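In: need a 3D model of the following:
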Amino acid sequence: MTLEQLNIVFQIVGTLGVIASLIFVGLQVRQNTKATRVQVQENMTSGYISVAQILIDNAEVFTRGIAATRESFASFSDAEKMIYFSLIFSIFKHFENIYSQRERGFIDQESWAAWSEHMLMYFNQPGVKMWWEWRRGNFNPRFRSFVESSPVPKVATFVELMRG
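Out: Modelled structure (predicted):
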């Protein structure tokens, strides 16, 4: 075998090594992406469980608040108004995070459909709409645009569910 032929063999072996390395890196990236998506899903669920516990702990103020009109909201004490505003802000910051993760491609379509329907169910409550007018500027413009332009979901509103 000549030196030129040996050089060609080494180039072929080197090229195959580079291709094998790229395939390995691609598989690692794919596996890492799957793991990241699973972690995001787990974080969304645990985050919502934390928010839900706060809502449960303040159920009376929360349920009165989401059903409130401007007139009925005026009868809330200052402490109740602060509690309600904090509750709604917390849940919508959680929803904004979910929206952001969806934009980044970490949430699959099926999960997003379920989360967005849940989000929009809350968004379309009278007391949430009232609060949103006052606090919408505290949210990402793309998130604001999403919730404001989305159709009302076909599920019963939370207020209707409470009334049976």
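
In: helices and strands around the longest helix along the chain, which ones?
Out: In the chain, taking DSSP state H as the definition, the longest helix is helix 3-57. Using 3 or more CB pairs under 8 Å, 6 or more residues apart in numbering; DSSP states H and E as the contact test, the elements touching helix 3-57 are helix 78-103. Heads up, the C-betas are built off the backbone N, CA and C, glycines and all.

In: and the helix it packs on, what's buried?
Out: 80-81, 83-84, 87-88, 91-92, 94-99, 101-102 (16 or more other CB atoms under 10 Å).

In: could you check how far that helix is from the centre of its chain?
Out: Put simply, helix 78-103 sits 12 Å off its chain's centre (CA atoms, centre = their mean, to the nearest Å).

In: tell me the mean pLDDT for the helix or strand following it?
Out: Counting by DSSP states H and E, the next helix or strand C-terminal to helix 78-103 is helix 109-123. The pLDDT scores in helix 109-123 average 90.

In: counting by contacts, list what helix 109-123 packs against.
Out: Short answer (3+ CB pairs under 8 Å, 6+ apart): helix 109-123 packs on helix 78-103, helix 126-135, helix 141-149.

In: report the angle between it and helix 141-149.
Out: 70 degrees (axes from the mean of the first three to the mean of the last three CA atoms, to 10 degrees).

In: quick check, central residue of this structure?
Out: Taking CA atoms, centre = their mean, the centroid of the chain lies closest to Ile98, which sits 0.9 Å from it.

In: please report how far it lies from Phe143.
Out: From Ile98 across to Phe143, the span is 10 Å (CB to CB, to the nearest Å).

In: where does this structure dip in pLDDT?
Out: 33, 35-38, 40, 154-164 (pLDDT under 70).

In: on that earlier part again, the residue nearest to the centre of the chain touches His118, doesn't it?
Out: No. Using CB atoms under 8 Å, Ile98 is not in contact with His118, being 9.4 Å away.

In: give the contact list for the nearest residue to Gly47 once chain neighbours are set aside.
Out: Here the nearest residue to Gly47 in space, its sequence neighbours aside, is His94; by CB to CB, 6 or more residues apart in numbering that works out to 5.4 Å. By CB atoms under 8 Å, 6 or more residues apart in numbering, the contact set of His94 is Gly47, Tyr48, Val51.

In: of those, buried ones?
Out: If we count by 16+ other CB under 10 Å, the contacts of His94 have these buried: Tyr48, Val51.

In: could I get the contacts of His94 as JSON lines with distance to Asn7?
Out: As requested, the contacts of His94 are arranged in JSON lines below (distance: CB to CB, whole Å):
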{"residue": "Gly47", "distance to Asn7": "58"}
{"residue": "Tyr48", "distance to Asn7": "61"}
{"residue": "Val51", "distance to Asn7": "65"}
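
In: okay then, goodbye and thanks.
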